[in-house]
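Visitor: just to be clear, the model below is a prediction. Sequence and coordinates:
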Amino acid sequence: MVFWEGYVSDESMGTFAPLVVYWLYAGFYQLLPPLDKYRLHTKTEENDRNLVPLRSVVKGVLLQQFVQAVVAELLFLVTSNGSSSELTVQPSLPIQALQFITAMLVMDTWQYFVHRYMHQNKFLYRHIHSQHHRLVVPYAIGALYNHPLEGLLLDTFGGAISFLVSGMTARTAVFFFCFAVIKTVDDHCGLWLPGNIFQMFFQNNTAYHDIHHQLQGTKFNYSQPFFSIWDKLLGTYVPYTLVKRAEGGFEARLKKD
């Protein structure tokens, strides 16, 4: 039993809940005070180093989410075979947990190899992936700021493949996609906050991804959004350390041998 049962189908929730959650969670970060003592970059750096204005970032995210919604609707239409979500039997909680973990691993695998190839192929980087790296200093709302083709290949297709391979139901997918969105937003928030569960329990976190956005780290830390497994297996992992800045906040630096 979920709160939307009887009002909205699981398929509709799976399509639109992640979009709403994105703006609620990213908006929460956007509305926070400066919190200078927790920032990985100063506000001045964010304003000076980023190569695209907030208005363009918002438009880019909305475009990606439109495409994402269309693909999700088609995916649920095909996989539901015309049956009502109310008639779908939910598997046991241990099975759902296994599906959740499977989907996380599948998404990580897909995104690692697509993401890495977009860096290694000069044409793809110059014309597609470089759009995301216009945000040299990441912030929450820019988590899904990508070229439309990258958004389709990396995030939308990655989510669809994770859903299909894991075998989860549309209801389980609501929770998985919302969790993935929250994690992705958090990885781009640019803040190292005390008590942040994502930063406490995931090595692949805000500082990990911040390293990748910096010039010295663009060939490392490709893994996203959950684990660092593929980086470590394939030699693209680079360790870092958090250093307190004298003027407040932190800086994620590559560790020197």
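Guide: Structure received.
Visitor: remind me which residues of the stretch 151-257 of the chain are low pLDDT?
Guide: For the stretch 151-257 of the chain, residues meeting the criterion pLDDT under 70 lie at 256-257.
Visitor: moving C-terminal of the helix or strand that contains Trp23, what's the next helix or strand?
Guide: Following DSSP states H and E, one finds Trp23 within helix 10-31. Moving toward the C-terminus from helix 10-31, the next helix or strand (DSSP H and E) is helix 43-49.
Visitor: mind listing what's buried in that next one?
Guide: Neighbour counts over helix 43-49 (16 or more other Cβ atoms under 10 Å) mark Glu46 as buried. For glycine as for every other residue, the C-beta is placed from the backbone atoms N, C-alpha and C.
Visitor: who's in contact with it?
Guide: Pro34, Asp36, His41, Val136, Val137, Tyr139, Gly190 (Cβ atoms under 8 Å, 6 or more residues apart in numbering).
Visitor: again with stretch 63-71
Guide: Stretch 63-71 has contacts (Cβ under 8 Å, 6+ apart) with 15-16, 18-19, 22, 144-146, 148, 151-152, 155-157, 159-160.
Visitor: how about stretch 238-249?
Guide: Residues outside stretch 238-249 that contact it (Cβ under 8 Å, 6+ apart): 36-42, 192, 207-208, 211, 217, 220-221, 250-255.
Visitor: for PyMOL, what selects the buried ones among the residues you listed?
Guide: To isolate the buried members of the contacts of stretch 238-249 in PyMOL, using 16+ other Cβ under 10 Å:
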select buried, resi 38+39+40+41+42+192+207+208+211+217+220+221+250+251+252
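Visitor: got the contact list for the nearest residue to Pro194 once chain neighbours are set aside?
Guide: Leaving aside its chain neighbours, Pro194 sits nearest to Tyr38 (7.8 Å; criterion: Cβ to Cβ, 6 or more residues apart in numbering). Going by Cβ under 8 Å, 6+ apart, Tyr38 touches Leu191, Trp192, Leu193, Pro194, Gly249, Phe250.
Visitor: next one: Val165
Guide: Applying Cβ under 8 Å, 6+ apart to Val165 gives the contacts Thr102, Ala103, Val106.
Visitor: about what we covered before: how about the helix holding Trp23: buried residues?
Guide: 10-19, 21-23, 25-26, 29.
Visitor: which other residues reach it?
Guide: In contact with helix 10-31 (Cβ under 8 Å, 6+ apart) are residues 4, 61, 65, 68-69, 72-73, 76-77, 80, 85, 88, 139-141, 143-144, 169-171, 173-174, 177-178, 180-182, 185-186, 189, 191.
Visitor: closest one to Leu51 out of the contacts of stretch 63-71, please.
Guide: Distances from Leu51 to these, taken as Cβ to Cβ, are shortest for Tyr145 (11.2 Å).
Visitor: could you measure from the closest one over to Gly195?
Guide: The gap separating Tyr145 from Gly195 is 27 Å, by Cβ to Cβ, to the nearest Å.
Visitor: so what's His115 closest to, chain neighbours aside?
Guide: In space, His115 is closest to Tyr222, 4.9 Å off (Cβ to Cβ, 6+ apart).
Visitor: cool, thanks, talk later.
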